[in-house]
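Asker: sharing a model prediction with you, sequence too.
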Amino acid sequence: MTKHIFVTGGVTSSLGKGLTASSLGRLLKQRGLRVTMQKLDPYLNVDPGTMNPFEHGEVFVTYDGGETDLDLGHYERFIDIDLSRSSNATTGAIYQSILSMERRGDYLGKTVQVIPHVTDEIKRRIRALSTEDIDVVITEVGGTVGDIEILPFLEAIRQFRKDVGRDNVCYVHVTLVPYLGPSGEQKTKPTQHSVTELRGRGIQPDVIVCRSDRSLSLGVKRKISHLCDVPPEAVVSAIDAETLYEIPLVMHEEGLDTYVCDILRIDRNQHPIDLTKWEALVHRIKHLDTSVRVGVIGKYISLPDAYLSVVESLRHAGYHFGARVDVDWIQAELVPDLLAKSPARMSELDGIVIPGGFGERGIEGKIAAAGWSRTTNVPCLGLCLGLQVMTIEYARNVAGLEGANSGEIDPASPHRVIDLMDEQRNIVDMGGTMRLGLYPARLEPGTQVAKAYDESVVYERHRHRYEVNPRYRRRLEEAGLVFSGSSPDGRLAEFIELPDHPFWVGTQGHPEFLSRPDRPHPLFRELVGAALEREEGRNPHLIDLAALDSADVDHSRQR
């Protein structure tokens, strides 16, 4: 029978529930268990797709087109499986489903209530992941214990242990143990209050993961054990790690996975852990011997979580080359002024990424950045909107299409080189015109993109509604722009590049969602490789990665 782990949090948000859950997932996977993950979010939005990134950070897109919480990106990067839209459920989506059933008469005229109807729907979504090919489902409950909107979720997971049996459920509670400098003490009171609140909802945690800036002393662990009614070995000290990917090793040293296996009656002798490759990855990350500076040209740079997967993908590519990628956050709106008044700031960059986004703000700055990188031979990778602004820049300044723009930005443009497809124009729903999820692309042999992937057909996740206007494709090609990948029917542009540039590549997809710490995405790998060549004047593919670790780690250039 499938085992279930529920991860809750208390005291404050941003304690690291998602990373704790992801790390535990990785540890269990290294024991040979088949793991999947899920996030339950208490907000009333149906999904984060229409939320401003300043509100919620990055929208992570699953292969089947789900617009989900950014924690799913952590899940996928750590446990290295493709999750689906079923791995994210919000209060809004749950209520939408319940109200649809009520309108259809599914409840046979009964009064619809939080208990049992809302809690039953939550439990149904948890059970949906309990398939025959899954050993463990890890479910993170968003928000913190004590939030009013979290109560139905806590009640649902409380009932769940009764439904499936005590030995099939483990509750992990993440809390805070602050250190007060004046008294020189670690304080357990926030943890005590958080656990008391959770127990007041009928849930006794099996494991308490204590976030702190220093290791918990044995005395502090015993105190938490005594006051929160868990064994001392169930109190896990989760201190800040040097890198995200070291967290599983820290958790394993604290015995988290070992204790969870015991709670769930998983035979550890049948499932011994092998962390050799993960330890080799962390060793490599800690011994980066060079650095490269890459600018991210965005409009949400005051909230880096808005570009979380982009930054992680850059780091993954750096790990491949034994290089630290220093991200330089550049506000898109300021790029024209920087180029005019402070060109030295831009000239310090070894490469740039122009990430995706929606709306008019910052567009001209992104177009200027694309033009600057094209004319100065600075490596550039455009993602989704990034491809579109690169196309606009090329149309204006090389193909002679004066006033070229996107129909999203300037519907009156004489040359809408980026526009909606005809069949999209009469759809009003915010998600109705979107191309969401995994789509194939056929690559042109001999192009930079085809060489990077080493494949003729590739699949990338998409999240956009505007496309390169096929009416302008021939004009742009005659001006020298190479369409290095297209949809299988040849109608939609998926990749562009310049053949005589070190790396000037745009993709209509979001490759950042497919990068992994031990297997960087080919486009990010090639961008960082080109940036290193610019910075160091050498071929980065000659770096002897094997010297950085002794383990048999796959350093293949393929995904």
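Answerer: Thanks, I have the structure now.
Asker: nearest residue to the middle of this structure?
Answerer: Gly73 (2.6 Å; C-alpha atoms, centre = their mean).
Asker: could you list the residues in contact with the helix or strand hosting that residue?
Answerer: Element membership of Gly73 [criterion: DSSP states H and E] is helix 71-79. Helix 71-79 is touched from outside by 17-19, 21-23, 25-26, 29, 35-37, 39, 58, 60, 62, 82-83, 87-88, 140, 245, 248, 308-309, 312, 513, 515-517, with contacts defined as C-beta atoms under 8 Å, 6 or more residues apart in numbering. Heads up, the C-betas are built off the backbone N, CA and C, glycines and all.
Asker: C-alpha coordinates for that helix, CSV please?
Answerer: This file holds the C-alpha atoms of helix 71-79, laid out as CSV (Å, rounded to 0.1, in the frame of the first residue of the first chain):
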residue,chain,number,x,y,z
ASP,A,71,7.7,24.5,-5.1
LEU,A,72,6.9,21.9,-7.8
GLY,A,73,10.1,23.1,-9.4
HIS,A,74,12.0,22.2,-6.3
TYR,A,75,10.2,18.8,-6.3
GLU,A,76,11.1,18.1,-9.9
ARG,A,77,14.7,19.2,-9.5
PHE,A,78,15.3,17.1,-6.4
ILE,A,79,13.4,13.9,-7.2
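Asker: that one: which residues count as buried?
Answerer: Buried residues in helix 71-79, counted by 16 or more other C-beta atoms under 10 Å: Asp71, Leu72, Gly73, His74, Tyr75, Glu76, Arg77, Phe78, Ile79.
Asker: that older thread, next, find the distance separating the residue nearest to the centre of the chain from Ala128.
Answerer: With distances defined as C-beta to C-beta, to the nearest Å, the gap from Gly73 to Ala128 amounts to 21 Å.
Asker: then Thr375?
Answerer: Spatial separation of Thr375 from Ala128 under the definition C-beta to C-beta is 52 Å.
Asker: coming back round to it: looking at the buried residues of helix 71-79, which is nearest Asp229?
Answerer: Asp71 (28.7 Å; C-beta to C-beta).
Asker: Ser22 contacts Met37, doesn't it?
Answerer: Yes - because the distance of 7.3 Å satisfies C-beta atoms under 8 Å, Ser22 is recorded as touching Met37.
Asker: in which helix or strand would I find Asp337?
Answerer: helix 335-341.
Asker: immediately after that helix, which helix or strand?
Answerer: With elements assigned by DSSP H and E, the helix or strand that comes after helix 335-341 is helix 343-347.
Asker: any idea of the mean pLDDT for that next one?
Answerer: On average, the pLDDT along helix 343-347 is 90.
Asker: what is that helix packed up against?
Answerer: In terms of contacts (3 or more C-beta pairs under 8 Å, 6 or more residues apart in numbering; DSSP states H and E), helix 343-347 is packed against helix 335-341.
Asker: quick one: buried residues of the helix it packs on?
Answerer: If you call a residue buried by 16+ other C-beta under 10 Å, then helix 335-341 has these buried ones: Val335, Leu338, Leu339.
Asker: follow-up on the earlier one: packing partners for the helix or strand that comes right after the helix holding Gly73?
Answerer: Later in the chain than helix 71-79, the nearest helix or strand by DSSP H and E is strand 88-90. Using 3+ C-beta pairs under 8 Å, 6+ apart as the contact criterion, the secondary-structure elements in contact with strand 88-90 are strand 35-41.
Asker: contacting residues around Gly356?
Answerer: Residues touching Gly356, when contacts are defined by C-beta under 8 Å, 6+ apart, comprise Leu383, Cys384, Leu385, Gly386, Arg463, His464, His510.
Asker: Gly362 is in contact with the third one, correct?
Answerer: The one in question is Leu385. No - counting by C-beta under 8 Å, Leu385 sits too far from Gly362 to count as a contact (9.7 Å).
Asker: part of a strand, is Ala441?
Answerer: Yes - residue assignment for Ala441, taken from DSSP: H, G, I helix; E, B strand; the rest coil, places it within a strand.
Asker: give me the pLDDT for it.
Answerer: At Ala441 the predicted local distance difference test score is 98.
Asker: quick one: it from His283, how far?
Answerer: From Ala441 to His283 the distance is 36 Å (C-beta to C-beta).
Asker: the more surrounded of those two?
Answerer: Of the pair Ala441 and His283, Ala441 is the one with more neighbours under other C-beta atoms under 10 Å, namely 25 against 15.
Asker: report the contact partners of the closest residue to Ile263 other than its chain neighbours.
Answerer: Leaving aside its chain neighbours, Ile263 sits nearest to Cys170 (4.5 Å; criterion: C-beta to C-beta, 6 or more residues apart in numbering). With contact taken as C-beta under 8 Å, 6+ apart, Cys170 is in contact with Lys3, His4, Ile5, Phe6, Asp206, Val207, Val260, Ile263, Leu264.
Asker: neighbour-wise, which of the residues you listed leads?
Answerer: For the contacts of Cys170, neighbours tallied by other C-beta under 10 Å; top is Phe6, 28 neighbours.
Asker: right, and that residue touches Val169 too?
Answerer: Yes - between Phe6 and Val169 a contact is recorded at 7.0 Å, counting by C-beta under 8 Å.
Asker: overlap in contacts, those two.
Answerer: With contacts taken as C-beta under 8 Å, 6+ apart, Phe6 and Val169 have Ile157, Phe160 as neighbours in common.
Asker: what residues sit buried inside the lowest-mean-pLDDT helix or strand in the chain?
Answerer: Of all helical and strand segments in the chain, the minimum by mean pLDDT, DSSP states H and E falls on helix 53-56, at a mean of 76. By neighbour count on 16+ other C-beta under 10 Å, the buried set for helix 53-56 is Pro53, His56.
Asker: equivalent analysis for stretch 29-45, please.
Answerer: By neighbour count with 16+ other C-beta under 10 Å, stretch 29-45 contains the buried residues 29-31, 33, 35-43.
Asker: now do the end-to-end distance for that stretch.
Answerer: Separation of the first and last residues of stretch 29-45 by C-alpha to C-alpha, to the nearest Å is 32 Å.
Asker: just give me how far it sits from the chain centre.
Answerer: 13 Å (C-alpha atoms, centre = their mean, to the nearest Å).
Asker: quick one: average confidence on it?
Answerer: Here stretch 29-45 scores 96 as its mean pLDDT.
Asker: just stretch 291-310 next, same as before
Answerer: Here stretch 291-310 scores 93 as its mean pLDDT.
Asker: now the terminal residues of that stretch, how far apart.
Answerer: Start to finish, the residues bounding stretch 291-310 are 17 Å apart (C-alpha to C-alpha).
Asker: can you pull the contacts of the residue of the chain most remote from its centre?
Answerer: Of all residues in the chain, Gly109 sits farthest from the chain's C-alpha centroid, using C-alpha atoms, centre = their mean; the distance is 42.0 Å. Contact criterion C-beta under 8 Å, 6+ apart gives no residues in contact with Gly109.
Asker: next one: it from Val118, what distance?
Answerer: Here the distance between Gly109 and Val118 works out to 18 Å (C-beta to C-beta).
Asker: ok, Pro42 next?
Answerer: Pro42 is 12 Å from Val118, where distance means C-beta to C-beta.
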